[in-house]
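Peer 1: Following is a predicted model, sequence given first.
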Amino acid sequence: AQSVTQPDIHITVSEGASLELRCNYSYGATPYLFWYVQSPGQGLQLLLKYFSGDTLVQGIKGFEAEFKRSQSSFNLRKPSVHWSDAAEYFCAVGAQAAGNKLTFGGGTRVLVKP
Amino acid sequence: DARVTQTPRHKVTEMGQEVTMRCQPILGHNTVFWYRQTMMQGLELLAYFRNRAPLDDSGMPKDRFSAEMPDATLATLKIQPSEPRDSAVYFCASGIRVGTQYFGPGTRLLVL
């Protein structure tokens, strides 16, 4: 069965500093990997996705993520955080065999200090 | 800009009442998902449909919850009777290709 672990429940970062959110997955085959962001009171919005090819994926809002098969990881990064990046971030894994179904991690809440 | 829409956005009801939540998926999307989000449990998949047929509703309490897709433009999630523990935000999402899901804004349900 697929599983996703986001080890950090909360992260606090200063505005302008870099951000890295960790995601580890468990899946037997090559997974499809996603990062979603949820702003307070909103639904989830897709930031970026990895299906195949280049392991460094660019997304919206200046985010990128790197797929590392050897570490079963898909960490999300942003070089310089803006106050509007305060939100909850979810990593998710899917697979062709699972159809469109996704397995989500528990989320990481990001707080941005002025 | 196509979006998933959900109604109502907020619902307050009393224990024992029926609650119906509606979702309009993005036109052309053939897969619809229902999720529940709470502080304690996080994001849980309740049910999903492909081409209007239910594929998996194992996450849904069968005795009180039901999900249907009367047509390709409407998905419904019903709770009857509702209980305080059903208080949560319910999200609908739709998609067409593997994995990529587009979420609606959610229905915030409070059962008193």
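Peer 2: Cool, got the structure.

Peer 1: which residues does residue 56 contact?
Peer 2: Chain wasn't specified; assuming chain A. Counting by CB atoms under 8 Å, 6 or more residues apart in numbering or on different chains, residue A:56 touches A:64, A:65, A:66, A:67. For every residue, glycine as well, the C-beta is placed using N, CA and C.

Peer 1: Not quite, go with chain B.
Peer 2: A:101, B:45, B:47, B:48.

Peer 1: can you check residue A:11 too?
Peer 2: A:19, A:21, A:108, A:109, A:110, A:111.

Peer 1: who does it bridge with?
Peer 2: Counting by DSSP bridges, residue A:11 is bridged to residue A:110.

Peer 1: Check the spacing between it and chain B real quick.
Peer 2: According to CB to the nearest CB, to the nearest Å, residue A:11 and chain B sit 17 Å apart.

Peer 1: Using the three-state scheme, assign the residue most central in space within chain A.
Peer 2: The residue lying closest to the centre of chain A (CA atoms, centre = their mean) is residue A:35, at 3.4 Å. Look at residue A:35: counting by DSSP: H, G, I helix; E, B strand; the rest coil, its state is strand.

Peer 1: one step back: may I see the PyMOL selection of the buried members of the contacts of residue A:11?
Peer 2: The PyMOL selection below is limited to those of the contacts of residue A:11 classed as buried (16 or more other CB atoms under 10 Å in any protein chain shown):
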select buried, chain A and resi 19+21+108+110
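
Peer 1: partners of the helix or strand of chain B with the lowest mean pLDDT in the sheet?
Peer 2: For chain B, the helix or strand with the lowest mean confidence is strand B:53-56, at a mean of 89 (criterion: mean pLDDT, DSSP states H and E). Next to strand B:53-56 in the sheet, as set by DSSP bridges, lie strand B:42-50 (antiparallel).

Peer 1: re the thing from before, for the residue nearest to the centre of chain A, which residues are in contact?
Peer 2: By CB under 8 Å, 6+ apart, residue A:35 lies in contact with A:21, A:23, A:46-49, A:59, A:63, A:65, A:74, A:76, A:89-92.

Peer 1: and what of residue A:3?
Peer 2: By CB under 8 Å, 6+ apart, the neighbours of residue A:3 are A:25, A:26, A:27, A:93, A:103.

Peer 1: What is the burial count for residue A:106?
Peer 2: When neighbours are defined as other CB atoms under 10 Å in any protein chain shown, residue A:106 has 16 of them.

Peer 1: Any idea how many residues pack against residue 2?
Peer 2: All of this is about chain A. Residue A:2: 18 neighbours (other CB under 10 Å).

Peer 1: Please refer instead to chain B.
Peer 2: Residue B:2: 11 neighbours (other CB under 10 Å).
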